[in-house]
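In: My questions are about this predicted structure, shown below with the sequence.
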Amino acid sequence: MMIIVVLITFILVGFFIGPINGRRQRKKAVGFFHPYTNDGGGGERVLWCAVRGIQDESHDLDCYVYTGDHDATPQSLMARAHDRFGVTLLSPPKVVHLYKRKWIEETTYPHFTMIGQSLGSVYLAWEALCKFTPLYYFDTSGYAFTYPLARLFGCKVICYTHYPTISSDMLARVRQRSLMYNNDALIAKSVWISKCKIIYYAFFSCLYGIVGSCAHLAMVNSSWTKSHIENLWRVPDRIKRVYPPCDTLGLQVLPLERPAEVPVLISVAQFRPEKAHSLQLEAFSAAIKRLDPSLPKPKFQIVGSCRNKSDEDRLQILKEKAIELNVNEHVEFYKNVTYRDLVALLGGAVAGIHSMTDEHFGISVVEYMAAGAIPIAHNSAGPKMDIVLDEDGQQTGFLACTVEEYADAMVRIVTMSEMERLEMAAAARRRATRFSEQRFYDDFKAAIRPILTPFCK
């Protein structure tokens, strides 16, 4: 009940003050709500490509970025877009600094995290829109609860949704009492607590559907995300699938041939719990034990970014786990690498590992394929439905769920003949061209053009 009261209070305050503020101060600009401009993942790549897309489409609209990173400047963000993601902006984005980001930190809400972060995002968006009210409010981080508030401020609401905050798959796991990063052992073991969580999820799904339907345009990144968002938000005419931008062009110049001495496996993902790095280490350990002792031991390079102390702690735990599994001599960790260094690492890998369950799309999987590294991805959602599919009848990679399945795929790639590996890598590279950065720009501009028509070139 308290949650409902707080939510209604935010909406009522926005109703009485927002439109007045909006009429007086709204500027011919696009405000990108992206509180973490240092997360280094696929979401940040979408942010910078979206900024570039707006700049290409309309010179009359300024681009502002709402960020909680206090050291961010227009010049540093423009440089970051280029250095980390190879995206060249036409001009530096203007910056609006936010100081209430703690209200969307997961650590702020040990329990009822989803609803806590969602309400916290409304508070953060209130700060953002009071500081600067744009004509277009563009959410690139998935904070759907901010959409009613942005509309009350008089903004047109556009969003790029990477994944639904809640989904039927999440409800199913609670019903099945499956143990996962978002369903801990205490809940999974208790019938009564699981039933309470189902009620909580059902209630949250209802709220999520209401706020999401406030978007004037919702772009989604995959077939899996599209089906869930259409089911939840129930505005199918406003939902467009726009595959995320992947640097297939830049990575395709890498030679498919790889150094033969020591095979290299690579994993590229943020150090977040849902990325399941522990499973990767366990699978790598199992794979090494299955390999013929006369063969050279493969190397495993784990590359990722750290957003905060929680991510740093997870990275340290992974290093300790590598020692515990006795594979630390064969595992290398890379934190917050530059885009140039990432390309160099991808160019030496024979396989790329991805292990997140229900990864909404999987930019890293596409990058593996474009770079010539055969993907081993989780058998669910984006990789299963959109990416790791046969190309011209040729297998493009492997799908796996368990430690054993991942280990089997690792052994299979490391021991296959060079000709077989090259054939599969070439097919994977052809498949990756379907998700190019240019394809993103084409689909992105086609989606936003009807809304931006008064300001298009």
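Out: Happy to help now that I have it.

In: Tell me how many other residues crowd the residue nearest to Thr88 when sequence neighbours are not counted.
Out: Among residues not flanking Thr88 along the chain, His82 sits closest, at 5.6 Å (CB to CB, 6 or more residues apart in numbering). Yep, even glycine has a C-beta here, placed from its N, CA and C like the rest. Using other CB atoms under 10 Å, His82 has 14 neighbouring residues.

In: ditto for Ala29
Out: The burial count for Ala29: 20, using other CB under 10 Å.

In: I'd assumed Asp60 was in contact with it.
Out: No: using CB atoms under 8 Å, Ala29 is not in contact with Asp60; the gap is 9.6 Å.

In: remind me which residues of the stretch 1-150 of the chain are low pLDDT?
Out: Within the stretch 1-150 of the chain, the segments meeting pLDDT under 70 span 1-25.

In: what about the helices in it?
Out: Counting by DSSP state H, counting those that start in this stretch, the stretch 1-150 of the chain has helices at residues 2-25, 42-57, 74-85, 113-131, 147-152.

In: Can you tell me which helices and strands the second one packs against?
Out: What it means is helix 42-57. When contacts are defined as 3 or more CB pairs under 8 Å, 6 or more residues apart in numbering; DSSP states H and E, helix 42-57 sits against strand 27-33, strand 62-67, helix 74-85, helix 363-371, helix 437-452.

In: could you redo the last one with a cut-off of 10 Å?
Out: strand 27-33, strand 62-67, helix 74-85, strand 134-139, strand 156-161, helix 363-371, helix 437-452 (3 or more CB pairs under 10 Å, 6 or more residues apart in numbering; DSSP states H and E).

In: Only the buried residues of it, if you could.
Out: The neighbour-count check on helix 42-57 (16 or more other CB atoms under 10 Å) flags 42-55, 57 as buried.

In: so that helix versus strand 27-33, what angle?
Out: Interaxial angle, helix 42-57 versus strand 27-33 (axes from the mean of the first three to the mean of the last three CA atoms, to 10 degrees): 160 degrees.

In: And the strands in the stretch 251-400 of the chain, which stretches?
Out: 264-268, 299-304, 331-335, 351-353, 374-378, 398-400 (DSSP state E, counting those that start in this stretch).

In: Just the mean pLDDT for the longest one, thanks.
Out: For strand 299-304, mean pLDDT is 96.

In: Listing partners with orientation, what would you give for it?
Out: strand 264-268 (parallel), strand 331-335 (parallel) (DSSP bridges).

In: want to throw the ones you listed into TSV with mean neighbour count, mean pLDDT and distance to Gln438?
Out: Output for these, formatted as TSV (neighbours: other CB atoms under 10 Å; pLDDT from 0 to 100; distance: least, CB to CB, whole Å):
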stretch	mean neighbour count	mean pLDDT	distance to Gln438
strand 264-268	26	97	22
strand 331-335	17	96	28
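
In: Redo these as CSV? Include distance to Asp442.
Out: As requested, these are exported to CSV (distance: least, CB to CB, whole Å):
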stretch, distance to Asp442
strand 264-268, 25
strand 331-335, 33
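
In: Now do Ile239 against Asp39, distance only.
Out: 24 Å (CB to CB, to the nearest Å).

In: need the contact list for the closest residue to Ser305 other than its chain neighbours.
Out: Excluding the flanking residues, the one nearest Ser305 by CB to CB, 6+ apart is Gly40, at 3.0 Å. Neighbour list for Gly40: 80, 84-85, 270-271, 304-307, 311, 335-337, 339, 342 [criterion: CB atoms under 10 Å, 6 or more residues apart in numbering].

In: can you do 8 Å?
Out: For Gly40, the contacting residues are Arg84, Gln270, Gly304, Ser305, Arg307, Asn336, by CB atoms under 8 Å, 6 or more residues apart in numbering.

In: what's the neighbour count on the fourth one?
Out: Looking back up the chat, that one is Ser305. 21.

In: now swap in the third one and tell me
Out: Using other CB under 10 Å, the number of residues around Gly304 comes to 24.

In: same deal with the second one?
Out: Taking other CB under 10 Å as the neighbour definition, Gln270 ends up with a count of 21.

In: Same question for the last one.
Out: When neighbours are counted by other CB under 10 Å, Asn336 registers 14.

In: Hmm, Phe204 is touching Met114, no?
Out: Yes: assessed by CB under 8 Å, Phe204 is found in contact with Met114 at 5.8 Å.

In: Are there residues contacting both of the two? Which ones?
Out: Joint contacts of Phe204 and Met114 (CB under 8 Å, 6+ apart) are Thr165, Ile166.

In: still on that earlier bit, if I look at the residue nearest to Ser305, how far off is Gly352?
Out: Taken as CB to CB, the span from Gly40 to Gly352 is 17 Å.
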